[in-house]
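Peer 1: generate coordinates for the sequence data below:
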Amino acid sequence: MKEYKAGTYIIHKGYKPFNPSFINDDIDWKLEELAPLLQDASLWLGKLNSYADLTPNIEFFIKMYATKEATNSNRIEGTRTTFEDAITPIEQIKPELRDDWHEVQNYIQAINYSIDRLNDLPLSMRLIKEAHKILLQGVRSEHKTPGEIRKTQNWIGGSSLKDAFFIPPEPNMLPDLLSDIEKFLHNENLQVPEIIKAGIVHYQFETIHPFLDGNGRIGRLLIILYLISTGLLNKPVLYISDFFERNRMAYYDSLSMVKQTNNMTQWLKFFLSGVIETSKNSIKTFDKIIELKKEAETKIAKIGKKTTNGQRLLKLLYSQPKVNAQILSKELNLSVVSVNSLIKTFIEIGILEEKTGMSRNRYYLFEDYINIFR
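Peer 2: As a prediction, this is how the structure comes out:
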């Protein structure tokens, strides 16, 4: 087995791009050093997968997981959108924050689209490019060739190539490097655990930086897509960007250390720790959702003739926990009068709260549910 070498810097036109080594090879990834963390990560990921499979009506809650992932992944890139902003209709967002809001909504769409696309297309650069096109469509970076591999040199940090913190490989290197990633993802002959593969691929994709913008978000999406494509997860319920965002400096430092010292092990330890913590937190989230669901259903069972419509409203709130009367009238196909009566009942039994304090244009929140994801 080959000892891992991250790659080499080359001098090109006065700057030094980094050419990463291919990963689709029989490389010694130091798995013996990772064994304890790998065992725990596999255990907790398996528990989470079982939990998700056994949770009734899990599809109602998955939209919120995707929203939280989109919010955190975008915040790593500097957007200011909060989780509550992300579930708020555009007309309620301050004008100066709407660009950020649109970027988060695009990422939610890219997540949902690419996960669905796995049903008829293998995980590949074709799928990744389709997700990237959605990510950049109609936002500030729409001029940066959405869905296309870059044909010009990019850089990370600094104001130009001359003072950049890191310069990814030249464009003419990208076809072979991206082909290598695809081969690595689908090479069943390599004795590399799939969780480890997910971590290695994320590092490699971030190092290659194949797009002019959106590489970080797509690279983090690649993790969940790979776990689903391999069957390690049956539902998209492990989103690791929350861990990366809370440990942002360690995230960047661990990725940088690979290139500086050839130490992939440290990055993989950090990554596995993230899988473990995120799996545990996701299980706790399910526990809280199930408990809240039981409490809400008990309350609704006591509202008499409104119970049937109350159950319909509760299901809607699991995927859309911030609503107004107009939204509910459309989604539930009820008159505004009936909806307002139902809202009043939900406020009385402690499910909805009115937060605007206004007499008109009111919005109502399923606050206890939102707090679980905050």
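Peer 1: okay, CA-based contacts and neighbour counts for the rest of this
Peer 2: Noted.
Peer 1: so what does the spatially most central residue of the chain have for phi and psi?
Peer 2: In the chain, the residue lying closest to the centroid (Cα atoms, centre = their mean) is E69, at 3.6 Å. Main-chain dihedrals, E69, degrees, to the nearest 10: phi -60, psi -50.
Peer 1: contacts only, for it.
Peer 2: Y239, I240, S241, D242 (Cα atoms under 8 Å, 6 or more residues apart in numbering).
Peer 1: can I get the buried part of these as one PyMOL selection?
Peer 2: To isolate the buried subset of the contacts of E69 in PyMOL, counting by 16 or more other Cα atoms under 10 Å, use the following:
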select buried, resi 239+240+241+242
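Peer 1: now that I218 has come up, it's in contact with I128, right?
Peer 2: Yes: if you go by Cα atoms under 8 Å, I218 and I128 touch, sitting 7.4 Å apart.
Peer 1: who has more neighbours, those two?
Peer 2: Neighbour tally, I218 and I128, criterion other Cα atoms under 10 Å: the higher count belongs to I218, 24 against 19.
Peer 1: okay, how far is it across stretch 114-125, tip to tip?
Peer 2: 11 Å (Cα to Cα, to the nearest Å).
Peer 1: scratch that, stretch 134-148
Peer 2: So stretch 134-148: terminal residues 11 Å apart, Cα to Cα.
Peer 1: returning to what we had before: state the pLDDT value of the residue nearest to the centre of the chain.
Peer 2: Confidence at E69, expressed as pLDDT, is 88.
Peer 1: so T71 makes contact with A86?
Peer 2: Yes: judged on Cα under 8 Å, T71 makes contact with A86 at a distance of 6.9 Å.
Peer 1: common neighbours of these two, please.
Peer 2: Joint contacts of T71 and A86 (Cα under 8 Å, 6+ apart) are V104.
Peer 1: which of the two has more neighbours?
Peer 2: T71 (30 against 22).
Peer 1: tell me which element the more buried one falls in.
Peer 2: Take DSSP states H and E as the rule and T71 turns out to sit in helix 59-76.
Peer 1: what lies in contact with the helix or strand that that helix is followed by?
Peer 2: Later in the chain than helix 59-76, the nearest helix or strand by DSSP H and E is helix 83-86. With contacts defined as Cα under 8 Å, 6+ apart, helix 83-86 is touched by T67, K68, T71, I93, W101, V104, Q105, I370, R374.
Peer 1: list only buried entries from the residues you listed.
Peer 2: Buried subset of those (neighbour count, 16+ other Cα under 10 Å): T67, K68, T71, W101, V104, Q105, I370.
Peer 1: and the fifth one, what does it touch?
Peer 2: It refers to V104. With Cα under 8 Å, 6+ apart, V104 has these contacts: T67, A70, T71, N74, T81, A86.
Peer 1: mind putting the residues you listed in CSV, distance to K302 included?
Peer 2: CSV is the format used below for the contacts of V104 (distance: Cα to Cα, whole Å):
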residue, distance to K302
T67, 32
A70, 37
T71, 36
N74, 42
T81, 38
A86, 32
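Peer 1: mind picking the one among those residues that's closest to E148?
Peer 2: Nearest to E148 among those, counting by Cα to Cα, is N74 at 20.2 Å.
Peer 1: excluding chain neighbours, give the residue nearest to the closest one in space.
Peer 2: Spatial nearest neighbour of N74, excluding adjacent residues (Cα to Cα, 6 or more residues apart in numbering): V104 at 6.5 Å.
Peer 1: then L317?
Peer 2: F366 (6.9 Å).
Peer 1: near the one you found, how many other residues are there?
Peer 2: The tally of other residues near F366 (other Cα under 10 Å) stands at 21.
Peer 1: mind checking how far I111 is from S256?
Peer 2: For I111, the distance to S256 equals 26 Å [Cα to Cα].
Peer 1: more neighbours: which of the two?
Peer 2: The neighbour comparison of I111 against S256 (other Cα under 10 Å) goes to I111, with 27 against 18.
Peer 1: isn't that one up against L222?
Peer 2: No: with contact defined as Cα under 8 Å, I111 does not reach L222; the gap is 9.7 Å.
Peer 1: and the strands in the stretch 201-350 of the chain?
Peer 2: Assigned by DSSP state E, counting those that start in this stretch, the strands in the stretch 201-350 of the chain fall at 322-323.
Peer 1: and the top helix by length along the chain, what does it pack against?
Peer 2: Using DSSP state H, we find that the single longest helix of the chain is helix 264-300. With contacts taken as 3 or more Cα pairs under 8 Å, 6 or more residues apart in numbering; DSSP states H and E, helix 264-300 sits against helix 31-54, helix 194-208, helix 241-246, helix 248-261, helix 307-319, helix 367-373.
Peer 1: show me which residues of it are buried.
Peer 2: Residues of helix 264-300 classed as buried: 264-280, 282-283, 286, 289, 292-293, 296, 299-300 (neighbour count, 16+ other Cα under 10 Å).
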